[in-house]
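> What would the 3D arrangement of this be:
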Amino acid sequence: MQTLQELIEAAKAWHDQDPDAETRAELEALIASSDEHKLRDRFSTRLSFGTAGLRGEIGAGPNRMNRVLVAQSAAGLGQFLVEHAGASATVAVGFDGRKNSQIFAQDSAQILAGFGIKVYLFNQMCPTPMLAFAVKHLELSGGVMVTASHNPPQDNGYKVYLGGVNGGSQIIEPDDKAIAERIAQAAANHSFDSFARGKVFEMLGDEIRADYQNATISLLDGKTVDAASKQPVQTKFVYTPMHGVGWATAHQLFIAAGLPELIAVESQVEPDATFATVKFPNPEEPGALDEAMRTANSQLAGNRFGLIIANDPDADRLAVAVPDGNAEHGWRRLTGDQLGLILADAMAARAKAAGRHGALASSIVSSSALAKVAAHYDLDYRETLTGFKWISKVPNLIFGFEEALGYCVDPNQVPDKDGLSAALVIAQLACDLEAKGKTITDHLADLGSIYGHFATGQISIRVTDLAKISELMARLRSTPPKQIAGFEASYSDLLHPLDSSENAGEATGQPALPPTDALRFDLHFNPANAGRVIVRPSGTEPKLKCYLQAVGDSAANAEGNLAELRAAMTTILA
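Numbers count the residues shown, from 1 in each chain. I've put the predicted structure just below:
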């Protein structure tokens, strides 16, 4: 363990190369006060680079997001791209509206260009799906998106995509480890000012935005709403980008598609790195849609065909809320699994009508109702580990989703989750349903009649001591419950998937999943449908997550079973 003096020396060395006055001042105060706890928190380790890239709190030192750490990361990525793509290496760099995103992107572009890589730099902030689109559309070697997605305001991050055999999707093993090794080498051998830098970039602007818009509108198969004669009278959409970057793109998409123009949540429409009107800029969080609901109650009072559409700050996730007189504020947010079912059925129906065969895919913690949709349309079904880095790599993917509001409706053009294209699809579906006198709520009930009644939920335990998560996982492994809420439970440890015939693929007919730190309990509700509980540590936050799925003979019965599962697992995890 480093002594206090060693921590102070490390802080001084970092300070001397740090170009940011704010983080230099932070270090000066910590050095002057000899604050061992805060120094150790910043200098005893570093933010680890993995399949999610980097993500963490903005601040000084190797365990924070800052210009020095970003420069080291860009150099490591640059070295990796040159080794794999040689002199023809190309990369796109995008950024969102968070604090320091633009300067992190500019530093990255300069250092990547210093390796002789051709760099395409967005000329202004952009949604994450547009960066993913650019990597695929321009057939680039890689891409960098500076964003912390829906993390708290004090965070930022660094997401990496690779072209070639990766198809423009997010990195997975072993590429993440190879890049991490080169980042470590860059950090050991260079100071911030010693990296070679280039200053010639190709700027990405109106043309790539137009290409993305045209590609996304093509999802509608030429079906648009004629504003002059066919525009639904009642279907209206209140939209919030949650202080992020989605508004400009979403607004233009809806206009270009001929859909009803979005009604903006004015207090949240402009990018704001402080996220002034939300405690946590994640549409899954309680209260996150309150501003949108207030706008909807003002603009759509009594309109049963109205919807609230929300993107998270980098616009790669989508939330939808429907009118519900029994809910607080009169609106109910659909769960990620409910919206996933609606979109899966829509995209599967389009694929069948077009004569396409392929696969539907979802993560292990998402509703297994997707398997029923695939069977209904005679499509393949694949279950993957959590994260679109896995979902996007499923061969012949038609649609993929994860319960955390992530949806891929256009895998051939955006091999990642995309909250903007998904919003367009759900909006057109809402318009089509109105022509039949139905709402999204009615449609969801119809789908339940076809595929069965599934209810899903989540228990999230946030900790300050990460050891608590390890202790809980170890306890469940040593004494797994044989029954949960009175239902027989079959236990599988996904850290050792080949020990289970189901996880090895013998029962599902699909390849075995790679090992992952998760525990699965399959519950025997009835012969036709199985419930499920999965417990795993969060990959991006200090949380233990417990994913619940119940089934029932009706929607109400399924919800009742879910409540029993929640109560039982709350006790088990206590």
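
> can we go C-alpha only for contacts and neighbour counts from here?
Noted.

> and the gap between Glu26 and Cys408?
41 Å (Cα to Cα, to the nearest Å).

> What ranges does the stretch 251-400 of the chain have for its helices?
Here the stretch 251-400 of the chain has its helices, by DSSP state H, counting those that start in this stretch, at 290-299, 336-353, 369-376, 388-391.

> So which elements touch the shortest one?
Using 3 or more Cα pairs under 8 Å, 6 or more residues apart in numbering; DSSP states H and E as the contact test, the elements touching helix 388-391 are strand 169-170, strand 359-363, strand 397-402.

> Quick one, which of those strands gets closest to Glu291.
strand 397-402 (25.3 Å; Cα to Cα).

> after that closest one comes which helix or strand?
strand 406-408 (DSSP states H and E).

> That next one packs against which elements?
When contacts are defined as 3+ Cα pairs under 8 Å, 6+ apart, strand 406-408 packs onto strand 397-402, helix 419-435.

> what residues does it touch?
Contact with strand 406-408 is made by 316-318, 336, 340, 392, 399-401, 414-419, 422, as judged by Cα atoms under 8 Å, 6 or more residues apart in numbering.

> re earlier: quick one, which of the helices of the stretch 251-400 of the chain is nearest to Met1?
Across those, closest to Met1 is helix 388-391 (Cα to Cα), at 35.3 Å.

> List the buried residues of stretch 45-64.
Across stretch 45-64, burial judged by 16 or more other Cα atoms under 10 Å covers 47, 49-64.

> Phi and psi next, for Asn326.
phi -90, psi -10 (degrees, to the nearest 10).

> which residues in the stretch 1-150 of the chain form helices?
So, for the stretch 1-150 of the chain - with DSSP H, counting those that start in this stretch - the helices run 4-17, 21-33, 36-43, 67-85, 101-113, 128-137.

> Of the contacts of strand 406-408, which is the most crowded?
Gly400 (33 neighbours; other Cα atoms under 10 Å).

> and Glu541, how many neighbours does it have?
12.

> any idea whether it is helix, strand or coil?
coil (DSSP: H, G, I helix; E, B strand; the rest coil).

> Equivalent analysis for the one 3 residues further on, please.
Leu544 falls in the strand class when you classify it by three-state DSSP.

> Show me what it bridges to in the sheet.
Ile461, Pro537 (DSSP bridges).

> can I get the helices of the stretch 251-400 of the chain in a markdown table with distance to Leu494 and mean pLDDT?
Written out in a markdown table, the entries for the helices of the stretch 251-400 of the chain read as follows (distance: least, Cα to Cα, whole Å; pLDDT from 0 to 100):
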| stretch | distance to Leu494 | mean pLDDT |
| --- | --- | --- |
| helix 290-299 | 38 | 97 |
| helix 336-353 | 22 | 97 |
| helix 369-376 | 20 | 96 |
| helix 388-391 | 16 | 94 |
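
> closest to Phe133 out of the ones you listed?
Nearest of the helices of the stretch 251-400 of the chain (Cα to Cα): helix 388-391, 14.3 Å.

> follow-up on the earlier one: and among the helices of the stretch 1-150 of the chain, the most buried is which?
Neighbour counts (mean count of other Cα atoms under 10 Å) averaged over each of the helices of the stretch 1-150 of the chain peak at helix 128-137, with a mean of 27.

> So which residues make contact with that one?
91-96, 140-145, 147, 161-163, 167-169, 208-209, 212, 314-316, 413-420.

> Next, format the helices of the stretch 1-150 of the chain as a markdown table and append mean pLDDT and distance to Ala273.
Formatted as a markdown table, the helices of the stretch 1-150 of the chain follow (pLDDT from 0 to 100; distance: least, Cα to Cα, whole Å):
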| stretch | mean pLDDT | distance to Ala273 |
| --- | --- | --- |
| helix 4-17 | 97 | 25 |
| helix 21-33 | 97 | 16 |
| helix 36-43 | 96 | 23 |
| helix 67-85 | 97 | 17 |
| helix 101-113 | 98 | 10 |
| helix 128-137 | 98 | 16 |
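
> okay if I get those helices as CSV plus distance to Thr439?
Shown next, in CSV, are those (distance: least, Cα to Cα, whole Å):
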stretch, distance to Thr439
helix 4-17, 57
helix 21-33, 51
helix 36-43, 51
helix 67-85, 47
helix 101-113, 39
helix 128-137, 28
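
> can you tell which of those helices is closest to Leu472?
helix 36-43 (24.1 Å).

> can you state the direction angle for the closest one and helix 4-17?
50 degrees (axes from the mean of the first three to the mean of the last three Cα atoms, to 10 degrees).

> the inter-axis angle of helix 36-43 versus helix 21-33?
Using the same axes, to 10 degrees: helix 36-43 against helix 21-33 is 140 degrees.

> Packing partners of helix 36-43?
helix 4-17.

> Quick one: residues in contact with the helix it packs on.
Residues from elsewhere that reach helix 4-17 (Cα under 8 Å, 6+ apart): 23-24, 27-28, 31, 34, 36, 39-40, 43-44, 61, 68, 191-193.

> and which of these is nearest Leu253?
Val68 (37.3 Å).

> ok, now which ones touch the closest one?
Gln17, Asp18, Pro19, Ser191, Phe192.

> ok, those residues vs Ala567, which is closest?
Nearest to Ala567 among the contacts of Val68, with distances taken as Cα to Cα, is Asp18, at 50.0 Å.

> The contacts of helix 4-17: which two are farthest apart?
Glu36 and Asp193, at 27.9 Å, using Cα to Cα across these.

> Can you get me a residue count around Glu173?
So Glu173, with other Cα under 10 Å, has 10 neighbours.

> Check whether it really touches Gly53, as I assumed.
No - the pair Glu173 / Gly53 is not scored as a contact, 11.5 Å apart, by Cα atoms under 8 Å.

> Might you list the low-confidence residue ranges for the stretch 101-250 of the chain?
Within the stretch 101-250 of the chain, the stretches with pLDDT under 70 are 221-232.

> Give me the distance between the nearest residue to Leu385 once chain neighbours are set aside and Thr216.
Distances taken as Cα to Cα, 6 or more residues apart in numbering put Ser363 closest to Leu385, at 5.3 Å, once the chain neighbours are dropped. Ser363 is 24 Å from Thr216, where distance means Cα to Cα.

> pLDDT score for Leu495?
pLDDT, Leu495: 88.

> OK, contacts around it?
Pro515, Thr516, Asp517, Ala518, Leu519.

> what sits against the closest residue to Gly164 other than its chain neighbours?
Excluding the flanking residues, the one nearest Gly164 by Cα to Cα, 6+ apart is Ser141, at 6.3 Å. Ser141 makes contact with Leu81, Ala85, Ala89, Thr90, Val91, Val135, Leu162, Gly163, Gly164, Gly168, according to Cα under 8 Å, 6+ apart.

> same thing with Ala148?
Neighbours of Ala148 in contact, by Cα under 8 Å, 6+ apart: Arg55, Gly56, Arg98, Asp155, Asn156, Gly157, Tyr158.

> Which one of the residues you listed is nearest to Pro127?
Nearest member of the contacts of Ala148 to Pro127, counting by Cα to Cα, is Arg98, at 11.8 Å.

> Just the ones in strands from the contacts of helix 128-137, please.
Val91, Ala92, Val93, Gly94, Phe95, Gly142, Gly143, Val144, Met145, Tyr161, Leu162, Ser169 (DSSP state E).

> Just the buried residues from those residues, in ChimeraX please.
The buried residues among these can be selected in ChimeraX (16+ other Cα under 10 Å) with this line:
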select :91,92,93,94,95,142,143,144,145,161,162,169
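
> Columns distance to Ser492 on top of the ones in strands among the contacts of helix 128-137, output as CSV?
Output for these, formatted as CSV (distance: Cα to Cα, whole Å):
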residue, distance to Ser492
Val91, 41
Ala92, 41
Val93, 41
Gly94, 40
Phe95, 40
Gly142, 37
Gly143, 37
Val144, 36
Met145, 36
Tyr161, 32
Leu162, 33
Ser169, 29
